[in-house]
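A structural model of the following input is requested.
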Amino acid sequence: MDSLSTQSAAWVAGLRYEDLPADVAQATKLRVLDSLGLMLIAGTTKFGAALRDGVAAMGQGETCTMIGLGARNSAMLAALANGALAEALQFDDTHNETIIHATSPTVAAALAAAESGGASGREFLTAFAAGHELTCRIGVIAPGTFHPRGLHPTGIIGTFGATFAAARLLGLTEQQTVAAAGHAGSFASGILACWEDGTDTQFIHPGWSAHSAISATLLARSGLTGPAAVLEGRFGLLPSHLHDLRGQLDFDRMTRDLGGEWESRNMSFKPYPTAHIIHPFLDALLYLYREEGLRASDVETLTVRIAEYMIPVVCEPVAEKTAPRTEAHGRVSLQYSLAEALYHGRLGGDGYSAESIRDPAILELSGRIRYEIDPDAPGTERYKGWVVAETTDGRRLERIEDYNWGSREKPMTAEDIGAKFTANAENAVSRARAEAIMDAVDRLEDADSVDALVDLCR
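Take a look at the predicted model:
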């Protein structure tokens, strides 16, 4: 049987824009729009400024646009910058079952490849949709197994989808695409040591995946060979990273009904700039804020009931989660995120500011939030939120959200995503420019290239 990379390369090469189901084509454009907004707002931050200086020190070029940074660079370095900017606020969409940010590395690599290779808007969208789908499908071989090992699946698995997208856009043959995926397996990386001290490294991972994808693609196009069985082989990515699960890896799931059923439909857009498994708890708490009038000053106790597998990701160590040292720490803390959201009545792109992270009132509330295991919590494929508030005047307020807002079951509308894009983009460009970007994305399948779109985002 052909290797997984060989099957994937053949599928990517044969896919046409007309083959995309209408909802997948629409979601693909919305993911592009969402990502551009995130790159634009992140470019205005301290992280964006440091990234701009760091990438400039690596090299100079004029091939591709670094969205929101007002500069151009080589395809590899533009991909690095754009992928990192897309995740810098933890505001990028997520595949629920695997907790992989499939869009940020893929869109960054695809944009760089399309701009440098002169691909049409239709070709860009097709390649991006294909690479995005393959990222999700590689993830479901062993969902939920990377984070507990301290590995970041976005940085590891995201490299592959980005490579398949870039390979199509840069005109590789199927054999060269297989080689590129083989190289990508050695480039793919990402550990979560930054979660211990709240530093920035995680946010670089999607950028490094996109950079690696362009590198792997150019090397393969030049004739360097790579292992065909890079995913499933004896020393392949999954067996080497998850060696204790060798007999449990569901490789068939990656290619089963590929192009028929789209796994990317199980992605969730993000209404809040925080770890995605926190979202349904925010939905529940903000419902109580809006509909029941709950305020931070009313809270006697606040208890969340949560799936056991989520606890080591967003609830523990308790001291670290209740009093985060940095905004990066805060974005993966359930206790702090709930406290800030209730204190302000919202949690948007301007959340996790230095002022909020140090606010004694928010930190005091964060320290009083407790968690219990929810015995009826679903598996990793669905996020459920359960919040119980006991108030100082004797009320008991409770809300359960069975699905996070933005998921397949409880979707954000195109209007919701457009409003999110506008709110983010207007930190960097005018309302008129933001509207022009939205219009350009909406008509992207008819564009001769992506040049006009990326020029609007500079």
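
for the helix or strand bottoming out on mean pLDDT in the chain, buried residues please.
Least confident element among the helices and strands of the chain, by mean pLDDT, DSSP states H and E: helix 194-197 (a mean of 90). For helix 194-197, burial by neighbour count (16 or more other Cβ atoms under 10 Å) applies to 194-195. All C-beta spots, glycine's among them, are computed from the backbone N, C-alpha and C.

show me the contacts for the residue nearest to the spatial centre of the chain.
Nearest residue to the geometric centre of the chain (Cα atoms, centre = their mean): His101, 2.7 Å. By Cβ atoms under 8 Å, 6 or more residues apart in numbering, the residues touching His101 are 87, 92-95, 154, 158, 206.

give me the pLDDT for it.
The score at His101 is 97. That number is its pLDDT.

how near is it to Ala229?
26 Å (Cβ to Cβ, to the nearest Å).

Gly37 too?
39 Å.

out of the two, which sits in the busier spot?
More crowded of Gly37 and Ala229, by other Cβ atoms under 10 Å: Gly37, with 31 against 19.

what about that one, which helix or strand?
Element membership of Gly37 [criterion: DSSP states H and E] is helix 22-42.

now that helix, how far from the chain's geometric center?
Taking Cα atoms, centre = their mean, to the nearest Å, the mean C-alpha location of helix 22-42 is offset from the chain mean by 11 Å.

just the CA coordinates for the following helix or strand past it, please, in PDB.
Downstream of helix 22-42, the first helix or strand assigned by DSSP H and E is helix 46-58. Presented in PDB, the C-alpha positions along helix 46-58 are these (Å, rounded to 0.1, in the frame of the first residue of the first chain):
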ATOM      1  CA  LYS A  46       5.200  44.200  22.000                       C
ATOM      2  CA  PHE A  47       5.400  40.600  20.600                       C
ATOM      3  CA  GLY A  48       5.000  41.900  17.100                       C
ATOM      4  CA  ALA A  49       7.700  44.500  17.500                       C
ATOM      5  CA  ALA A  50      10.200  41.900  18.800                       C
ATOM      6  CA  LEU A  51       9.300  39.500  16.100                       C
ATOM      7  CA  ARG A  52       9.900  42.100  13.400                       C
ATOM      8  CA  ASP A  53      13.300  42.900  14.800                       C
ATOM      9  CA  GLY A  54      14.200  39.200  15.200                       C
ATOM     10  CA  VAL A  55      13.100  38.300  11.700                       C
ATOM     11  CA  ALA A  56      15.000  41.200  10.200                       C
ATOM     12  CA  ALA A  57      18.100  40.100  12.000                       C
ATOM     13  CA  MET A  58      17.800  36.700  10.300                       C
END
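
packing partners for helix 46-58?
Here helix 46-58 touches strand 71-73, helix 75-87, going by 3 or more Cβ pairs under 8 Å, 6 or more residues apart in numbering; DSSP states H and E.

mean confidence for the following helix or strand past the last one?
Put plainly, it is helix 75-87. Under the assignment DSSP H and E, the closest C-terminal helix or strand after helix 75-87 is strand 94-95. Averaged across strand 94-95, the pLDDT comes to 96.

could you give the angle of whichever helix or strand comes after strand 94-95 to helix 75-87?
Downstream of strand 94-95, the next assigned helix or strand under DSSP H and E is helix 103-117. Going by axes from the mean of the first three to the mean of the last three Cα atoms, to 10 degrees, helix 103-117 is angled at 150 degrees with respect to helix 75-87.

quick revisit: point out the most buried one among the helices and strands packed on helix 46-58.
Mean neighbour count (mean count of other Cβ atoms under 10 Å) peaks for helix 75-87 among the helices and strands packed on helix 46-58, with a mean of 31.

average pLDDT for it, rounded please.
The model assigns helix 75-87 a mean pLDDT of 98.

quick one, strands of the stretch 151-300 of the chain?
267-268, 299-306 (DSSP state E, counting those that start in this stretch).

CA atoms only for the least confident helix or strand of the chain, dumped as CSV, please.
Only the C-alpha atoms of helix 194-197 are listed here, as CSV (Å, rounded to 0.1, in the frame of the first residue of the first chain):
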residue,chain,number,x,y,z
CYS,A,194,7.2,27.9,27.9
TRP,A,195,4.0,27.0,29.9
GLU,A,196,6.1,26.7,33.0
ASP,A,197,7.2,30.4,33.0
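
what helices or strands is that helix leaning on?
helix 201-221, helix 327-331.

using CSV, write out every CA atom in the first one.
What follows is the C-alpha trace of helix 201-221 in CSV, where atoms were taken according to Å, rounded to 0.1, in the frame of the first residue of the first chain:
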residue,chain,number,x,y,z
THR,A,201,7.9,30.4,22.6
GLN,A,202,4.6,28.6,21.9
PHE,A,203,3.5,31.5,19.7
ILE,A,204,6.5,31.1,17.5
HIS,A,205,5.6,27.4,16.7
PRO,A,206,3.1,28.0,13.9
GLY,A,207,5.6,30.4,12.3
TRP,A,208,8.3,27.9,12.5
SER,A,209,6.0,25.3,11.0
ALA,A,210,5.3,27.6,8.1
HIS,A,211,9.0,28.4,7.7
SER,A,212,9.9,24.7,7.8
ALA,A,213,7.2,24.0,5.2
ILE,A,214,8.7,26.5,2.7
SER,A,215,12.2,25.2,3.5
ALA,A,216,11.1,21.5,3.0
THR,A,217,9.3,22.4,-0.2
LEU,A,218,12.2,24.2,-1.8
LEU,A,219,14.7,21.5,-0.9
ALA,A,220,12.5,18.8,-2.3
ARG,A,221,11.9,20.8,-5.5
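
and it, how far out from the chain's middle?
15 Å.

and for the shortest one?
The offset between the C-alpha centroid of helix 327-331 and the centroid of the whole chain comes to 16 Å, using Cα atoms, centre = their mean.

that older thread, give me the angle between the helix holding Gly37 and helix 46-58.
Using the same axes, to 10 degrees: helix 22-42 against helix 46-58 is 90 degrees.

returning to what we had before: how about residues contacting the least confident helix or strand of the chain?
Looking at helix 194-197 with Cβ under 8 Å, 6+ apart, the contacting residues turn out to be 200-202, 320, 325-326, 328-329, 332.

hmm, back to that, what residues of the helix holding Gly37 count as buried?
In helix 22-42, counting by 16+ other Cβ under 10 Å, buried: 25, 27-42.

so where do the strands sit in the stretch 301-450 of the chain?
Under DSSP E, counting those that start in this stretch, the stretch 301-450 of the chain gives strands at 369-373, 385-391, 396-401.
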